[in-house]
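Peer 1: please work out how this folds:
(one chain, ligands or ions: 1)
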Amino acid sequence: EAIAFHTSRHYIDLSDLAIARGIEPEKFTIGLGQKKMAIASPIEDTVYLAINAAKKALVKFNISPEEIGTLVVGTETGVDHSKPVAVYIHQALGLPSNCITYETKHACFGAMAAMTSSGDWIASGRAKGRKALIVAADIANYAVGSAAEPTQGAGAVAMVVSDTPKLVKFNRDINGYFTKNVMDFWRPLYAKEAFADGHYSIQCYLEAMTETIADAGPNLPNLEEFSACLYHVPFVKMATKAHMRHFEVDSNTEITKESENFTSFRNSFKEKTEPWLNLNAEVGNIYTGSLFLSLINLLTSPNLPLDRPISLFSYGSGCAASMTSIQPIAGYHDWLAQFNPAKELESRKRLSVKEYEYFMEQRELQLGGDDQLKPSDWDVQGDYLYLGNKSHIRQYLNL
Ligand code: HMG
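Peer 2: Modelled structure (predicted):
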């Protein structure tokens, strides 16, 4: 029924980062397909991102807090081992006290898992007309100077799921799932940065794609029937690799640059996936929200055919994946005319590499620290800014 997005106020240009690291900018801009990545300051934490996205979703789509009966935050960068990010949103938005409130985790798959169970909650009749608010919120953090450094990002996508949808509906009989214990990407409890076996993680992602398509079986439409194909986007180029695998499984052929069907694959990619990657290229990997950021991009298009499905592939390292399908609903575009995510991104501030490194250092200092952060020290605006800890309790502006 609703979707909205919030990100940090700062970004780094990937050409600047490449030059500082002595790497050809084209490796990041063409090889990974990324232009920029959002960089969170220490006072813009996962709670701040999640609350601001959730607030936009309710306000812009005229949904009253009283209507929400389930609130789930999918995140892998929560702020406490025990207390969920969701309960901060519950307070900030004034949600009813009988709202079911929790956090889900399976790397980038957490929010899609929440979408599925919320859909089931509504379909079971137990929601009794109430709606689910799902927030995918994360800050992707890798070591400065590592191969994964250009694939960071920060942001949250909030969505409302209900039995009165206004944007898209899920085709509930089309779904395939896959789970396998792999060490492709992880973040131990003691680490602030994620570890990735980068090239292996790409293989795991693609294997999961093949397996989810197989699990979806004959109910899954042929690739040609989909008007658009959206994927989890850790970096833009991954969506090309994903669509190639989707195409290969669908056509039961292997694709190489030399093969006859390479042009058909390129055309299919250009039509179904490439146009919806602009926001991802500007924001970077926002983990749980990356797939849904691509969905926001898609829904800004006024011309989606209403009679054709759209595929959604979610992948979370570790790993878990799903292949599902949605369909746009007549009038979907009227609602999105109320906000323009691309315009919001234009007002962000560009950081130099030195400033970005300072942000990263300061974020580290705040982990577990008891010092108060001052909003006036950081060029950011808005409510629910994180102010540091007092007696081990997180402090937020206006919360
Ligand atoms: P790398 O190993 O430094 O890069 O790191 P590379 O050598 O593989 O090069 C990347 C691409 O740039 C290649 O293109 C090169 O050819 C090209 P490809 O062959 O793949 O098409 N290239 C150039 N292109 C133009 N001009 C040039 C040039 N030089 C090279 N001059 C890697 C890349 C993605 C491995 C690294 O950034 C990384 O480890 N990232 C983190 C892991 C990741 O994002 N994995 C994705 C799949 S797993 C996933 O999606 C889950 C995740 O979101 C976590 C979660 O679930 O929570 C990560």
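
Peer 1: which parts of this protein sit against the ligand?
Peer 2: 24, 26-27, 30-32, 76, 107-108, 147-148, 150-151, 184-185, 196, 198-199, 201-202, 205, 232, 234-235, 237-238, 285, 287, 315-317 (CB under 6 Å from any ligand atom). C-beta here means a position set from N, CA and C on the backbone, and glycine is covered the same way.

Peer 1: can you check the pLDDT for the closest residue to the ligand within the stretch 151-300 of the chain?
Peer 2: Closest residue of the stretch 151-300 of the chain to the ligand, CB to the nearest ligand atom: Gly198 (2.4 Å). At Gly198, the model reports a pLDDT of 97.

Peer 1: ok, it - contacts?
Peer 2: Contacts of Gly198 were listed using CB atoms under 8 Å, 6 or more residues apart in numbering, and they are Ala147, Ala148.

Peer 1: Arg9 now?
Peer 2: Going by CB under 8 Å, 6+ apart, Arg9 touches Ser41, Glu44, Arg348, Lys349, Asp379, Val380, Gln381.

Peer 1: out of these, which is nearest to the ligand?
Peer 2: Of those, the one sitting nearest to the ligand (CB to the nearest ligand atom) turns out to be Glu44, at 19.4 Å.

Peer 1: and the closest one, how far from Phe61?
Peer 2: To Phe61, Glu44 is 24 Å away according to CB to CB, to the nearest Å.

Peer 1: which of those two has more neighbours?
Peer 2: Using other CB atoms under 10 Å as the criterion, Glu44 and Phe61 rank with Glu44 on top: 28 against 19.

Peer 1: sec struct for that one, please.
Peer 2: At Glu44 the chain is in coil, as set by DSSP: H, G, I helix; E, B strand; the rest coil.

Peer 1: what's the answer for Leu230, then?
Peer 2: Assigned with three-state DSSP, Leu230 falls in the strand class.

Peer 1: how about the strands of the stretch 151-300 of the chain, start to end?
Peer 2: Secondary structure of the stretch 151-300 of the chain, counting by DSSP state E, counting those that start in this stretch: strands at 153-161, 168-179, 185-186, 195-196, 228-231.

Peer 1: tell me which other helices or strands the last one touches.
Peer 2: What it means is strand 228-231. Counting contacts by 3 or more CB pairs under 8 Å, 6 or more residues apart in numbering; DSSP states H and E, strand 228-231 packs against helix 236-251, helix 290-299, strand 310-316.

Peer 1: the third one now?
Peer 2: Contact partners of strand 185-186 among helices and strands, from 3+ CB pairs under 8 Å, 6+ apart: strand 195-196.

Peer 1: identify all contacting residues around the strand it packs on.
Peer 2: Tyr142, Ala147, Ala148, Asp184, Phe185, Trp186, Arg187, Pro188, Ser317.

Peer 1: redo the strands of the stretch 151-300 of the chain as TSV? Include mean neighbour count.
Peer 2: Below are the strands of the stretch 151-300 of the chain laid out as TSV (neighbours: other CB atoms under 10 Å):
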stretch	mean neighbour count
strand 153-161	30
strand 168-179	17
strand 185-186	20
strand 195-196	18
strand 228-231	26
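
Peer 1: same list, the ones you listed, but as CSV with distance to Met112 please.
Peer 2: Formatted as CSV, these follow (distance: least, CB to CB, whole Å):
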stretch, distance to Met112
strand 153-161, 11
strand 168-179, 10
strand 185-186, 16
strand 195-196, 20
strand 228-231, 11
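
Peer 1: and stretch 296-311, how far apart are its ends?
Peer 2: One end of stretch 296-311 sits 14 Å from the other (CA to CA, to the nearest Å).

Peer 1: name the residues of it that come out as buried.
Peer 2: Neighbour-count burial for stretch 296-311 flags Ile296, Asn297, Leu298, Leu299, Thr300, Leu304, Pro309, Ile310, Ser311 (criterion: 16 or more other CB atoms under 10 Å).

Peer 1: swap in stretch 211-220?
Peer 2: Glu211, Thr212, Ile213, Ala216, Leu220.

Peer 1: can you tell me how far the third one sits from Gly69?
Peer 2: Using CB to CB, Ile213 is found at 33 Å from Gly69.

Peer 1: equivalent analysis for the fourth one, please.
Peer 2: When CB to CB is the yardstick, Ala216 and Gly69 sit 29 Å from each other.

Peer 1: and Leu397, by the same measure?
Peer 2: Distance of Leu397 to Gly69, given as CB to CB: 28 Å.

Peer 1: pick out whichever of the two has more residues nearby.
Peer 2: Gly69 (22 against 14).

Peer 1: what sits up against the helix or strand hosting Met37?
Peer 2: Secondary structure assignment for Met37, by DSSP states H and E: strand 36-39. Residues from elsewhere that reach strand 36-39, judged by CB under 8 Å, 6+ apart: 7-8, 10-14, 150-155, 281-286, 348, 351, 356, 359-360.

Peer 1: follow-up on the earlier one: of all the contacts of strand 195-196, which two lie farthest apart?
Peer 2: Maximum pairwise distance among the contacts of strand 195-196 (CB to CB): 18.8 Å, between Ala147 and Pro188.

Peer 1: who has more neighbours out of these two?
Peer 2: Using other CB under 10 Å as the criterion, Ala147 and Pro188 rank with Ala147 on top: 12 against 7.

Peer 1: now that one. Nearest residue, chain neighbours left out?
Peer 2: Gly198 (5.6 Å; CB to CB, 6 or more residues apart in numbering).
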